[in-house]
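Chemist: starting from these lines, generate the structure:
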Amino acid sequence: MTSITFARQSLERFEQDPRRALVLGELHARPFPLMKLPRALIVLAFMNADHGVRDHQILSDMSVRRGVPPPAKDARTHAFAFGKGKLRWERHTEFCTYSWEGPVPERFGDPVAGHPFGADFEAPGPLIGGVHLEMRPNDADGQAALEIFDKTSFCFSVMEAGLAHAATDFRQDGDGLTRILVLDDGLPPARAGALAMRLVEIEIYRTLALLGLPLAQSVGPEVQALEGRLMQITEEMKAGPGHSRELLQEITLAAAAVEASAASVLYRFGASRAYDEIVRERLAGVVEQPLAGQESWSAFLKRRMAPAMRTCRSVEERQANLSEKLARSANLLRTRIDVELEHQNRDLLSSMNRRAQLQLRLQQTVEGLSVAAIGYYVVGLFGYVAKGLEHEGFPVSSTVLTALFVPIALLAVWTVVGRIRRRHVRPGKDGDH
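Modeler: Coordinates of the predicted model:
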C-alpha cells in the first residue's frame, strides 16, 4: 500500500498531457453491458443534425426527470435506470444511439413494454436505424419463435463458438425495428452483452455504410456526362489547333465540376468504407459458424452489401480517373497553346527584323541625302569665300576653287556623319577614345 501511494504521489508531481486522459478513457468508453438472460434490447440510432446540441439537451432533461445528474458536455456515454430496465446513451462521430435493456415480453414479436421510446420521447435528430433484439433460452418456445421471420431473407447461424444461435431477416417489424433473436446455449452475462451489442452494431453500421449508395446513384449520371464531354473535347483536339483556347476553357470548367463533385461525396464515401469495415470486424467478432441448410449472416450481408460498396468505389474511381484525364488533356492543350505562341513570337520577331532592315535602309538613304545637302550648303558657303579671294586678287578663280572644294567638303561631311553614327551604335567604344 505504501508503494502504491508513493507512486501515485510521484505521478502527481508530473505535468499531465491533456490528451492522456482521453486516450486512456477511450479503451473503456463503451464497455459491453452485463446481461442476465432472458433480456430484451431496444436500440435507436439518430443522426446528429446539429453536432449533438439537441441530443445533449434531450438527454439532460431525461436524466434530471429521473433524478440523475446530466452528462458532461464532452461525455461519450451515459446510463441510468428507466422503469424495469436501463437506458444507455452513446455518442458517435455523426450519430448517437439510445439503448434500453429490459425484460422480454411473453412471446417474441410482441411489443416490448417499459421502454422510454413512446409518445413522450423526443428524437434528437433523424432516425437512421432501429433494432429489436431479444435473448431467450434455446428451448421449444425459442425454436418456435424462429417462424416469425421472413424465410426469403432468413439468416441463422451459430455464434460465440456454439454458446448461442442468432437469427434475423433484416426486415422491420410494425414499429420499424429490425428483429433479431438470440437463442442462449449457455452464454455468461459478459459474453451475452458483447454478442448483443455486436449484433446491434452490425445492423446499424451496415445501414450507415449503405448511405453512400444513393449518393453514388445520384452522382453517377453527372460523372457520365462529364466523361462524354471529355471524349468530345479530345475529339475536337484531334481536329486541329484552331480552338485551343476555347477547348482549354471548357476543360477547366469540366475539371472544376469534377473536383466539386468529388468533394461533395468525399466524406460520405470515406465513411461508408469505414462502416463497411466495422461490419466485417463485428461479424468476425461474433465467431459465426454457418449451419447446414441455413444462410449465414456473413454470406447474406456480403451478397447484399458488396454490390453497393462496389458501386461507391466505382464512382469514386471514375471521378479520380476523370480528374487525371482532364488534367492530362489540359496539359496537352497548354503545350499546344505554348507552341502556337512560340510560332507567333517567331513570326513577330521576323517581322520586326524586316522592319528594322527597312528602317536601316531608309536611314542610310536619309544619311546619303543629308550628306549631299550639308555638302551643298558647305560648298555654297565656301563659294562666298572663294569669290572674296578672287576679288582680292587671288590668282585662281572662284569657280575653280569652288569646284576643287566640292570633293573635300563631301568627304569631310561623310566622315563626320559616319563618326556620329558609329558613336550612337557603339557608345562604349566611342566613349573610350
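
Chemist: what about residue 90, how many residues nearby?
Modeler: 19 (other Cβ atoms under 10 Å). Any C-beta I mention is one placed from the backbone N, CA and C, and that applies to glycine too.

Chemist: then residue 164?
Modeler: Residue crowding around residue 164 was assessed by other Cβ under 10 Å; the count is 25.

Chemist: try residue 43
Modeler: The number of residues near residue 43, taken as other Cβ under 10 Å, comes to 27.

Chemist: so it versus residue 90, what's the distance?
Modeler: Per Cβ to Cβ, to the nearest Å, residue 43 is found 10 Å from residue 90.

Chemist: okay, residue 299 and residue 359: tell me how far apart.
Modeler: Distance, residue 299 to residue 359, by Cβ to Cβ: 88 Å.

Chemist: avg pLDDT for the lengthiest helix in the chain?
Modeler: Ranked by number of residues, the top helix in the chain under DSSP state H is helix 297-391. Helix 297-391 comes out with an average pLDDT of 83.

Chemist: what of stretch 12-32?
Modeler: pLDDT averaged over stretch 12-32 gives 73.

Chemist: now stretch 56-68: average pLDDT?
Modeler: 92.

Chemist: convert the C-alpha atoms of it to CSV, please.
Modeler: Coordinates of each C-alpha in stretch 56-68 appear next as CSV, following Å, rounded to 0.1, in the frame of the first residue of the first chain:
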residue,chain,number,x,y,z
HIS,A,56,-27.4,16.6,-25.2
GLN,A,57,-30.3,18.8,-24.2
ILE,A,58,-32.8,16.0,-24.5
LEU,A,59,-30.6,13.5,-22.6
SER,A,60,-30.0,16.1,-19.9
ASP,A,61,-33.8,16.6,-19.5
MET,A,62,-34.4,12.9,-19.3
SER,A,63,-31.7,12.5,-16.7
VAL,A,64,-33.0,15.3,-14.5
ARG,A,65,-36.5,13.9,-14.6
ARG,A,66,-35.2,10.6,-13.4
GLY,A,67,-33.2,12.3,-10.6
VAL,A,68,-29.8,11.6,-12.3
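
Chemist: overlap of the contact sets of residue 43 and residue 90?
Modeler: 97, 99 (Cβ atoms under 8 Å, 6 or more residues apart in numbering).

Chemist: circling back: from the chain's centroid, how far away is the longest helix of the chain?
Modeler: Distance of helix 297-391 from its chain centroid, counting by Cα atoms, centre = their mean, to the nearest Å, is 38 Å.

Chemist: what's the first helix or strand after that helix?
Modeler: helix 398-425 (DSSP states H and E).

Chemist: tilt between that following helix and helix 297-391?
Modeler: Taking axes from the mean of the first three to the mean of the last three Cα atoms, to 10 degrees, one finds helix 398-425 and helix 297-391 inclined to each other by 160 degrees.

Chemist: buried set for helix 398-425?
Modeler: By neighbour count with 16 or more other Cβ atoms under 10 Å, helix 398-425 contains the buried residues 398, 401, 402, 405, 409, 410, 413, 414.

Chemist: what do you get for stretch 236-245?
Modeler: Applying 16+ other Cβ under 10 Å to stretch 236-245 flags 237, 244 as buried.

Chemist: can you check stretch 155-174 too?
Modeler: In stretch 155-174, counting by 16+ other Cβ under 10 Å, buried: 155-160, 163-170.

Chemist: in TSV, list those along with secondary structure.
Modeler: Listed next are the buried residues of stretch 155-174 as TSV, based on DSSP: H, G, I helix; E, B strand; the rest coil:
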residue	secondary structure
155	strand
156	strand
157	strand
158	strand
159	strand
160	helix
163	coil
164	strand
165	strand
166	strand
167	strand
168	strand
169	strand
170	strand
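
Chemist: out of those, which is nearest to residue 266?
Modeler: residue 170 (28.7 Å; Cβ to Cβ).

Chemist: contacting residues around the closest one?
Modeler: 153, 155, 178, 203, 300.

Chemist: list buried residues within the residues you listed.
Modeler: Looks like the contacts of residue 170 have 155, 178, 203, 300 buried, using 16+ other Cβ under 10 Å.

Chemist: would you list the phi and psi of the third one?
Modeler: By that I understand residue 203. phi -70, psi -50 (degrees, to the nearest 10).

Chemist: can you pull up the bridge partners for the closest residue to residue 131 other than its chain neighbours?
Modeler: Excluding its sequence neighbours, the residue lying closest to residue 131 (Cβ to Cβ, 6 or more residues apart in numbering) is residue 43, at 4.4 Å. For residue 43, the beta-bridge assignment (DSSP bridges) gives partners residue 99, residue 131.
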